[in-house]
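Novice: heads up, no residue letters with this:
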């Protein structure tokens, strides 16, 4: 027992033994700062510092955005954003697939190829069709007011004509002489109309510009999309007055007659009319 008591006193003495930490001036050996320390004080102070550091780190992780930078940690907000981005990505992929198929139809028009049944608009829309039962189709008051205003404007529109039994009326795109008629056997899917240079080329019906660019073979080309699955194509233009996405009215000037492209033989307009992916004879719809 005496040995154990003596050993405890020795340990206690070492823990409580005072030490002095002095900071001196290296040149003059002048004492600047001094601390009286013991092993127990150092141990307690170090332990408290470690506990405080752990507590501060925990608070930073739990209550600040710094936790998002820790590998493997995911917040509720990040999960919600990831879910929203997943839905948006799916929608973009669907829209991109439809756009690619639609652009392929436009390329076939530009190349003068008749579209097959696999690329008909009904087959394209079928895969992207929305179930009407899931959509609220009831008109809102603002929609009714807008429809009334549009109907009143159209009543006095000089370009408005009574529609045919097929639901759409076409007008001649340019005044001139037909030099080469439609002939599907030789893959001439349009009508060539000779006219003076810079003669205005007009939209044959209301529609949207879906293509307005330069092509090597047919020069400046404009393609309009109309209702009921119709596309009108204007090739070899001298200049373009509309850009992709523009909404045009029937009779509105969209380009001018020119002689551009490698396949042109003079100043004229090559006009094509397509219905549901298949070229049709424009002379059956328009008086040139």
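Specialist: Cool, got the structure. No experiment lies behind these values; they were computed from the predicted model shown.
Novice: could you point out the longest helix in the protein?
Specialist: Across the chain, the longest stretch assigned as helix under DSSP state H is helix 76-111.
Novice: which other helices and strands contact that helix?
Specialist: When contacts are defined as 3 or more C-beta pairs under 8 Å, 6 or more residues apart in numbering; DSSP states H and E, helix 76-111 packs onto helix 121-126, strand 207-215, strand 219-225, strand 230-240. (C-beta placed from N, C-alpha, C; glycine too.)
Novice: again, only this time at 7 Å
Specialist: When contacts are defined as 3 or more C-beta pairs under 7 Å, 6 or more residues apart in numbering; DSSP states H and E, helix 76-111 packs onto helix 121-126, strand 207-215, strand 219-225.
Novice: which parts of it are buried?
Specialist: 101, 105, 106, 108, 109, 110 (16 or more other C-beta atoms under 10 Å).
Novice: list just the nearest of these to residue 244.
Specialist: residue 106 (10.8 Å; C-beta to C-beta).
Novice: residues in contact with the closest one?
Specialist: Applying C-beta atoms under 7 Å, 6 or more residues apart in numbering to residue 106 gives the contacts 210, 211, 223.
Novice: per-residue confidence for it?
Specialist: Note for residue 106: predicted pLDDT of 74.
Novice: then residue 112?
Specialist: Note on residue 112: pLDDT of 65.
Novice: re the thing from before, make CSV out of the helices and strands packed on helix 76-111 and add mean neighbour count.
Specialist: Below are the helices and strands packed on helix 76-111 laid out as CSV (neighbours: other C-beta atoms under 10 Å):
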stretch, mean neighbour count
helix 121-126, 13
strand 207-215, 17
strand 219-225, 22
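Novice: want to throw the ones you listed into JSON lines with mean pLDDT?
Specialist: Formatted as JSON lines, the helices and strands packed on helix 76-111 follow (pLDDT from 0 to 100):
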{"stretch": "helix 121-126", "mean pLDDT": "52"}
{"stretch": "strand 207-215", "mean pLDDT": "93"}
{"stretch": "strand 219-225", "mean pLDDT": "95"}
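Novice: so for residue 270, which of the ones you listed sits nearest?
Specialist: Using C-beta to C-beta, these put strand 219-225 closest to residue 270, at 9.2 Å.
Novice: could you give the angle of the closest one to strand 230-240?
Specialist: Put simply, strand 219-225 runs at 150 degrees to strand 230-240, going by axes from the mean of the first three to the mean of the last three C-alpha atoms, to 10 degrees.
Novice: ok, back up a step: of all the helices and strands packed on helix 76-111, which one is nearest residue 258?
Specialist: Between residue 258 and those, the shortest gap by C-beta to C-beta is with strand 219-225, which sits at 6.6 Å.
Novice: what angle sits between the closest one and helix 76-111?
Specialist: Computed by the same axes, to 10 degrees, the angle separating strand 219-225 from helix 76-111 equals 120 degrees.
Novice: who are the packing partners of strand 219-225?
Specialist: helix 76-111, strand 207-215, strand 230-240, strand 253-257.
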